[in-house]
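Visitor: Pasted the sequence and its predicted model underneath.
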Amino acid sequence: MRHRTLLTVTAVLAAAGSLLLAGCGGDDDADTSTPTPAGTSAPATTAPASTAPEAASTVAVVLGRPVEFGITADPATVPAGPATFAVSNAGEILHEMVVVPAPDGVDGLTLDGGEADETGALGEVADLAPGDDGTLTVDLPAGDYVLLCNLPGHFAGGMYTALTVG
Ligand SMILES: [Cu+2]
C-alpha cells in the first residue's frame, strides 16, 4: 500500500515534470524561432582613402525612391576626375548601383531580357539592403554615364539615371 502511494506520487511528479519540460520546450522553440535581424550583410564597398583625393566630387545617389525602382543622382553633372558616390537605399528591397559608360545613352545599354550591358563599368556598390548605404570612389573620364541597378528586373523597371561628366 505504502509502496503504491509512493509510485503514484512519483508518477504525478514525473507527469508534472514533463509538463514543465514541455512548457519550457515550447518557450525555447518560441525564442529560437524569433528571427534574429540579419546584421550579417557584408559592409558596402568602400574605396580606399588613398584613391579619394580631397578634390573628389561627391554625388549623392538614392535608391528606391520616389518609387521602388527609382534612382536619383545629385548632382547629375560633375567635372572629370575623382568622384565619390554616396549611395543609400531608401527602398524596401535589395538594390545596387553600377556606374556604366553610356556614350549612346541608356538605349545603348539595353540587352535582350531587360538587363543592362555592364561592359566597361567603372565600379559598383553592390547589394545594398534597405536602409544601408555605401560609397564608391572612381576616377571619371569625361563622357556620358548611366547609374543603374542591375538586379533582375530592376533596370527594365526603369532603375537608371544619367550622369554627365565633364
Ligand atoms: Cu534595384
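Guide: That came through, no problem.

Visitor: Can you give me the buried ones in stretch 67-80?
Guide: 68-71, 73, 78 (16 or more other CB atoms under 10 Å). All C-beta spots, glycine's among them, are computed from the backbone N, C-alpha and C.

Visitor: got it, and stretch 100-113?
Guide: Within stretch 100-113, the residues that qualify as buried by neighbour count (16+ other CB under 10 Å) are 100-102, 106, 109.

Visitor: same thing with stretch 133-147?
Guide: With burial defined by 16+ other CB under 10 Å, the residues of stretch 133-147 counted as buried are 133-138, 140, 144-147.

Visitor: Between the two ends of it, what distance do you get?
Guide: Taking CA to CA, to the nearest Å, the span from the opening residue of stretch 133-147 to its closing residue is 16 Å.

Visitor: Close to the ion: what parts of this protein are there?
Guide: 95, 149, 151, 154, 159 (CB under 5 Å from the ion).

Visitor: so of those residues, which ones are in strands?
Guide: H95 (DSSP state E).

Visitor: Pretty sure V62 sits against H95.
Guide: No - using CB atoms under 8 Å, V62 is not in contact with H95, being 9.9 Å away.

Visitor: out of those two, which sits in the more crowded spot?
Guide: The neighbour comparison of V62 against H95 (other CB atoms under 10 Å) goes to H95, with 29 against 21.

Visitor: Contact partners for that one?
Guide: With contacts defined as CB atoms under 8 Å, 6 or more residues apart in numbering, the neighbours of H95 are 63-64, 71, 89, 128, 149, 151, 154, 159.

Visitor: now G134: how far from G123?
Guide: Here the distance between G134 and G123 works out to 11 Å (CB to CB, to the nearest Å).

Visitor: what's the domain layout of the protein?
Guide: The record's domain parsing of the chain by automatic domain parsing lists 1-33, 49-165.
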